[in-house]
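In: predicted coordinates and the sequence they were generated for:
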Amino acid sequence: MLNSIYILTKDGEVLIEKHYSGYRDRASVDTLLVQMNKYSDQEEVPPIFNLINAIAVQIKQKDLIFVALLNKETQVFGVVDFLLRLIDTLVSFIGDEVVEATVKNHFTTVYLVMDEMMDGGVPNTTELSLLREVVGDRGITTRLISSVPGSIAGVELPEMFRETLEKSQRTSAQNGLDIDFVMSSPFPWRRSGLKYLSNKVYIDITERIDCLIDRNQMIISMEVMGDVQLTCELSGMPETSLVFNKPSLIDDASFHHCVQLQRWLSGRVVACVPPDGTFKLMTYKINQQLPLPIYCSPQLLFTNAGGKVEVTVGAKQTGGKPLDDVVVTIPFSKTHCGTAMLTATQGEVQFDDATKECKWIIGRLHAEGEAARLSGTITSSSGLMPESSPTVQLDFSMQSGVSGLRIEQFNIIKESYQPFKGFKVSSRAGQFHVRS
């Protein structure tokens, strides 16, 4: 059971605290902050801490820290998943990044979302479409305010308050809000009675490539993680079916709870009655080695006096699409590297004297264009050979999928209309490393 959730600034100031099963003072939070500050590198701070009287789970989001306190008998990874879902939900409600300023500006909305998503320490309403019905201008708060008459017990309300009530009533009427629609729906993630003048659905597939390549350009490990996100504006209660062109590529998948799992297991069809609005339909993993859209050939030679640097980067197997936001990062040894004199045939080269990190910002690489090259020398500050050769990190994005997975069919049954359908596939680098 989850006891409390805190939203802290990066300095440890409490912005919001919500208690679900009895009040808990901030002593545990103070203890957690002390434990976290013991780490010199904040990236090494673990997400889970076993305190004396509680377990603390912390997740960093921009300049905020989300902290959950729970008892010893709770499934910790379920709490991690809940915090991540809470952050995603707040992004949808706020319409911007979840940072200190936006949380302060939308304090009421954030608190209501936290209150609705959990009840008594147990996850309650986590479906975004239903949360929109009970939180915000279209929610229960509006219905309660709208039910207040223009005068109470013969006391005339202020003109400003009456105008607010009238505006709220008009908004509720225009949006057709009725909480009974939510409760009477046969599917808890979708309310009945939805109507759109223009029916449409957008499907976005985003893939992330994690890859490790040795100095001989051989792939040591490779994994592709994909997300399928839907934005549905469909009238009625449609049933949808989605078919991929190469479903056999998918080694593992997890789905939104609206998906009929048996249809996927028997025929690799993603069938469901979708929630209204934007939601994540599924995530998948591909463990097979696939053609890479980029190559990187680092040649780093070191001596006691310094070293010579030559790095070549180019596009390949992109289906004619360019690579965007290409960045090459080389973390040189802090004990060996002194200064660097590096030039590139394309892009901008940045060298940080404090961290001894070289960042080569290439930008765009065309599929049929020439490869970009970085060359130069570095000096040694110690007169000794470095402990090891650095591992080069690559970042890039592409408006197509690495796996070649795409939507082959998307059909709607039990409704007479034919909606507009929009499909988009993109990919980006995750932990993409090349040994030198």
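Out: Good, I have the coordinates.
In: spatially central residue in the chain, please.
Out: Taking CA atoms, centre = their mean as the criterion, D88 is the residue nearest the geometric centre of the chain, at 7.0 Å.
In: which of the three states applies to it?
Out: Applying DSSP: H, G, I helix; E, B strand; the rest coil to D88 yields a three-state assignment of helix.
In: which parts of the helix or strand that contains V201 are buried?
Out: Per DSSP states H and E, V201 falls inside strand 200-213. Along strand 200-213, these residues count as buried under the neighbour rule (16 or more other CB atoms under 10 Å): 201, 203-209, 211, 213. For the C-beta atoms, the positions are set from N, CA and C on the backbone; glycine is no exception.
In: check stretch 6-24 too.
Out: In stretch 6-24, residues buried by neighbour count (16+ other CB under 10 Å) are 6-8, 12, 16-18, 20, 24.
In: go on, stretch 55-70?
Out: 55-59, 61, 64-70.
In: what's that stretch in contact with?
Out: Contacts of stretch 55-70 from elsewhere in the structure, counted by CB atoms under 8 Å, 6 or more residues apart in numbering, are 1-10, 12, 15, 24, 28-29, 32, 36, 42, 45, 47-49, 54, 71-72, 74, 76, 79-80, 82-84, 86-87, 97-100, 103, 121.
In: that one: end-to-end distance?
Out: Between the opening and closing residues of stretch 55-70 lies a distance of 5 Å (CA to CA, to the nearest Å).
In: thinking again about what came up before, so of the buried residues of stretch 55-70, which ones are in strands?
Out: 55-59, 61, 64-70 (DSSP state E).
In: and those residues as TSV, adding pLDDT?
Out: Formatted as TSV, the entries for these read as follows, by pLDDT from 0 to 100:
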residue	pLDDT
I55	89
A56	90
V57	92
Q58	92
I59	93
Q61	89
L64	93
I65	94
F66	95
V67	94
A68	92
L69	91
L70	88
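In: give me the mean pLDDT for the helix or strand containing L131.
Out: When secondary structure is defined by DSSP H and E, L131 falls within helix 128-134. Along helix 128-134, the predicted local confidence has a mean pLDDT of 77.
In: could you export that helix as CSV, CA atoms only?
Out: Listed next in CSV are the C-alpha coordinates belonging to helix 128-134 (Å, rounded to 0.1, in the frame of the first residue of the first chain):
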residue,chain,number,x,y,z
LEU,A,128,-6.7,9.7,-19.1
SER,A,129,-10.1,9.9,-20.9
LEU,A,130,-12.0,9.3,-17.6
LEU,A,131,-9.8,11.6,-15.6
ARG,A,132,-10.7,14.4,-18.0
GLU,A,133,-14.3,13.8,-17.1
VAL,A,134,-13.8,14.3,-13.3
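In: check which helices and strands it sits against.
Out: helix 76-94, helix 107-117, helix 179-184, strand 277-286 (3 or more CB pairs under 8 Å, 6 or more residues apart in numbering; DSSP states H and E).
In: if you set the cut-off to 10 Å instead, what comes out?
Out: helix 76-94, helix 107-117, helix 140-146, helix 179-184, strand 277-286 (3 or more CB pairs under 10 Å, 6 or more residues apart in numbering; DSSP states H and E).
In: what's the angle from the strand holding V201 to strand 277-286?
Out: Angle, strand 200-213 to strand 277-286, by axes from the mean of the first three to the mean of the last three CA atoms, to 10 degrees: 30 degrees.
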